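Student: sharing a model that was predicted from the sequence below.
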Amino acid sequence: MTILRSPAGIPDATVARLPLYLRALDELAERGTDVCSSEHLATAAGVNSAIVRKDLSHLGSYGTRGVGYDVRFLAGHIATVVGQTQPWPVVIVGAGHLGSALAAYQGFGARGVKVAAVVDADPDLVGTVVGGHEVRSIDTLSDVIEHGEVSLAIIATPPAAAQSVADALVAAGITSILNFAPTALQVPDAVDLRQVDVAAELQILGYHAHRRQAEPAEEAVLS
Ligand SMILES: NC(=O)c1ccc[n+]([C@@H]2O[C@H](COP(=O)([O-])OP(=O)(O)OC[C@H]3O[C@@H](n4cnc5c(N)ncnc54)[C@H](O)[C@@H]3O)[C@@H](O)[C@H]2O)c1
C-alpha cells in the first residue's frame, strides 16, 4: 500500500538525496524495470537502505514489504516534490569559461532546469553566442528575470564581482542562487544559496590522497 502526503518539512539531507534517487529511478524506468528495492536506491545514493526507507517515509511512500517501490510512481512523486515536473528557468551570470560550459550543457533539461539567459558585463562578450544562447548585457538583468519568470540564478563571475551580482539578482527577484565563485556571499534569509567550491572539494580529495600515500610509510615506521 502506498500513501502519499504533502512534502512540507522534509529534512535538508533528505532533499539532497532525492535527486539521486530520482536519477536511479529514471534509469530503471528507461530499462523497463517496474519495481525496485530500497537497496538499489541506497547504492545509487551512497547510503544504507534504512536511510532510504526513512527518506521515502517523509514523502509518505513506504513501498510494499517484500516487493519494493513502484519505479514510475515513485519517480513521478519525487519529481513533483523536487519541482521537476516543468523545467525551472535559470539565468547564468558570467559567460566566461565556466558560464559558457554550463550554458552549453545539454543535461540540464533532464534534471528539470533550462537555461533561460546568459548575461555578462564584458561588452565584447555581449551579443556573442554561448551554448546556443546570445549573451546579454548585465544591464538587462532585471528585464531578463522579469520577462523570463526566472527565480534561479547561477553566479559564474570572478569572486570580486560575486557579491554585487548577488545583490543585483536579489533586487531583481531571484530567490535561489547557485554560486560557483569562491566568495562567502551575504543574502537575505529568504534567499536559498548554495555554494559549489570545486577547488575546496579537490583540496579535500588531495588531503585524503596524501593521507593514503603517507599511511604505508607511517605503518612501516611503527612496525
Ligand atoms: N573555470 C573553472 O573550472 C572554475 C571551476 C570552479 C570555480 N570557478 C569559479 O567560477 C568563476 C568563473 O570562472 P571562469 O573560469 O569562468 O572565469 P572567467 O574569467 O572565464 O569568466 C568570468 C566572466 O564573468 C564576467 N563578469 C565579471 N564581472 C561581472 C559582473 N559584475 N557581472 C556579470 N559578469 C561579470 C566576465 O566578463 C567573464 O566573462 C570564478 O569565480 C572561478 O573561481 C571556475
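Tutor: That came through fine. Numbering: from 1, shown residues only.

Student: please report how far residue 118 lies from residue 81.
Tutor: Distance check for residue 118 against residue 81: by C-beta to C-beta, to the nearest Å, it reads 29 Å. Where C-beta positions appear, they are placed from N, C-alpha and C, glycine not excepted.

Student: who touches residue 201 in this structure?
Tutor: If a contact means C-beta atoms under 8 Å, 6 or more residues apart in numbering, then residue 201 has no contacts.

Student: assign a three-state SS to it, would you?
Tutor: Under DSSP: H, G, I helix; E, B strand; the rest coil, the three-state class of residue 201 is helix.

Student: repeat that for residue 154.
Tutor: Criterion first, three-state DSSP; result for residue 154: strand.

Student: more neighbours: which of residue 118 and residue 81?
Tutor: Neighbour totals were compared for residue 118 and residue 81, and residue 118 leads with 29 against 20 (other C-beta atoms under 10 Å).

Student: wait, a strand at the more buried one?
Tutor: Yes: assessed with three-state DSSP, residue 118 lies in a strand.

Student: give the contact list for it.
Tutor: Listed by C-beta under 8 Å, 6+ apart, the contact set of residue 118 reads 91, 92, 95, 99, 100, 103, 130, 131, 133, 134, 135, 136.

Student: now swap in residue 105 and tell me
Tutor: By C-beta under 8 Å, 6+ apart, the contact list for residue 105 reads residue 131.

Student: next, count neighbours for whichever residue of the chain sits closest to the ligand.
Tutor: Residue of the chain nearest the ligand, by C-beta to the nearest ligand atom: residue 96 (1.7 Å). Residue 96: 14 surrounding residues under other C-beta under 10 Å.

Student: show me the contacts for residue 109.
Tutor: Residue 109 touches residue 87, counting by C-beta under 8 Å, 6+ apart.

Student: revised request: answer the last question for residue 184.
Tutor: Contacts here follow C-beta under 8 Å, 6+ apart; on that basis residue 184 touches residue 195.

Student: what does residue 198 give?
Tutor: Residues near residue 198 by C-beta under 8 Å, 6+ apart: residue 180.

Student: just give the closest residue to residue 155, not the sequence neighbours.
Tutor: residue 179 (4.6 Å; C-beta to C-beta, 6 or more residues apart in numbering).

Student: residues contacting the residue lying closest to residue 166 once chain neighbours are set aside?
Tutor: Of all residues not flanking residue 166 in the chain, residue 185 sits nearest, at 4.8 Å (C-beta to C-beta, 6+ apart). Residues near residue 185 by C-beta under 8 Å, 6+ apart: 155, 162, 163, 166, 177, 179, 193, 195.

Student: and the helix or strand of the chain at the bottom of the mean pLDDT ranking, anywhere near the ligand?
Tutor: The helix or strand of the chain with the lowest confidence, counting by mean pLDDT, DSSP states H and E, is helix 198-222 at a mean of 83. Yes: using C-beta under 6 Å from any ligand atom, helix 198-222 reaches the ligand at residue 198.

Student: ok, which residues in this structure are in contact with the ligand?
Tutor: Contact residues (C-beta under 6 Å from any ligand atom) of the chain with the ligand: 93-99, 120-122, 125, 138, 156-159, 161, 164-165, 180-182, 198.

Student: in ChimeraX, how would I select the buried members of those residues?
Tutor: Selecting just the buried residues from the residues of the chain next to the ligand in ChimeraX takes one command, with 16 or more other C-beta atoms under 10 Å as the test:
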select :93,94,95,98,99,120,121,125,138,156,157,161,165,180,181
